[in-house]
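1. Could you work out the structure for the sequence below:
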Amino acid sequence: MILPAWIQDAVNRTTSPQRAPEALKAVAEAAAAYLQGDYRRALGRARDAKAQSARVAEIRELLGLAAYRCGEWETALRELRTFRRLAGDTSHMAIEMDALRALDRPGEVTKTWNLFRKLGGTREALNEGRVVYASHLLDRGDAKAAWDAVKPQRITADAPDDELRRWYVAARAANVLGDKGTATKLMGAITKADPAFPGIDRLSSEIAT
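-> You can find the predicted model right below:
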C-alpha cells in the first residue's frame, strides 16, 4: 500500500533516518491489513510502526482503531487518547467512550461525553457520541436521559447513517419509556431509509413485546 505523502512526511519529519524506512513499511502494511479486515495483523504491524515512530498521530490512530476491533480496550483507549492529543482531532471520542463502556467505567464514559461536547466535533462524530452515550444510559436503566441525549430534531427522508443510528437508539429509549407510537414511527423511518439496517429485527421485537 502506498501511503499518502503527508503521512510519509510526518514519519520522515519526526523519525530518525535509521528508523523511518521500517516505520513507513510497518504502517503501510498495518493500513493495508486494516482495510482488508485483518485487524490482528494490523494491530501487530501498527505496534511495530509505533516502536519506530511514536510521535506520528496517524500511527497512534491506526493502532488504537485496530486494538478496538480486536477487543483490546485499554490499548484502544490509550492510543486514541494519544491521537487526540497529538492531532487535536475529536473524531474518535465515541470509540473512546465505547471502550470505557466495555471496561465498565461508567463515570469516565460520562466525563468523556461532557468533554466531547465541550471540545466539539463534526455532526457525524457528535452523533456517534450521542449513540454511545445514550446506549450507555440505557444499559444503566436511565431511559429518560438516553432519550434526551438522542431525540431527533426532525425526521427526514434522506438521513445519513449516523442519523439512522441515532434514531435507532432513540426508538429503543422511547419504547422503554412506554411511548410505542414514537418508537414505531422512528422504526418506520429507519426501515424506509434502509430496510437492512442492522438490529432492525431486534428493535421490532422489542416494540412488539
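
2. give me the number of residues near residue 174?
-> By other Cβ atoms under 10 Å, 25 other residues sit near residue 174. (Each C-beta comes from the backbone N, C-alpha and C, glycine too.)

3. Wait, it touches residue 147, no?
-> Yes: taking Cβ atoms under 8 Å as the definition, residue 174 is a contact partner of residue 147 at 6.2 Å.

4. Which helix or strand in the chain has the lowest average pLDDT?
-> Among the helical and strand segments of the chain, the one scoring lowest on mean pLDDT, DSSP states H and E is helix 5-14, with a mean of 93.

5. on contacts alone, who are the packing partners of whichever helix or strand comes after that one?
-> Counting by DSSP states H and E, the next helix or strand C-terminal to helix 5-14 is helix 20-35. Contacts defined by 3 or more Cβ pairs under 8 Å, 6 or more residues apart in numbering; DSSP states H and E place helix 20-35 against helix 5-14, helix 39-52, helix 57-69.

6. got the contact list for helix 20-35?
-> Residues outside helix 20-35 that contact it (Cβ atoms under 8 Å, 6 or more residues apart in numbering): 1-3, 7-8, 11-12, 15, 39, 41-46, 48-49, 52-53, 56, 58-59, 62-63, 65-66, 69.

7. Repeat the analysis, applying 6 Å as the threshold.
-> The contact list for helix 20-35 (Cβ atoms under 6 Å, 6 or more residues apart in numbering) reads 1, 3, 11-12, 15, 41-42, 45-46, 48-49, 52-53, 59, 62, 66.

8. ok, residue 67 to residue 5 distance?
-> From residue 67 across to residue 5, the span is 26 Å (Cβ to Cβ, to the nearest Å).

9. Please apply the same query to residue 162.
-> Counting by Cβ to Cβ, the separation of residue 162 from residue 5 is 30 Å.

10. Could you point out which residue ranges in the protein have low pLDDT?
-> For the chain, no stretch is flagged by pLDDT under 70.

11. ok now do the most centrally placed residue in the chain, which residues does it touch?
-> Central residue of the chain (Cα atoms, centre = their mean): residue 95, 3.5 Å from the mean position. Going by Cβ under 6 Å, 6+ apart, residue 95 touches 68, 80.

12. just residue 70 next, same as before
-> Contacts of residue 70 by Cβ under 6 Å, 6+ apart are 39-40, 43.

13. circling back to that earlier point, now the residue nearest to the centre of the chain: which helix or strand?
-> According to DSSP H and E, residue 95 maps onto helix 93-102.

14. what about stretch 83-91, how long is it end to end?
-> Taking Cα to Cα, to the nearest Å, the first and last residues of stretch 83-91 lie 10 Å apart.

15. Over to stretch 27-47?
-> Distance between the boundary residues of stretch 27-47 (Cα to Cα) amounts to 9 Å.
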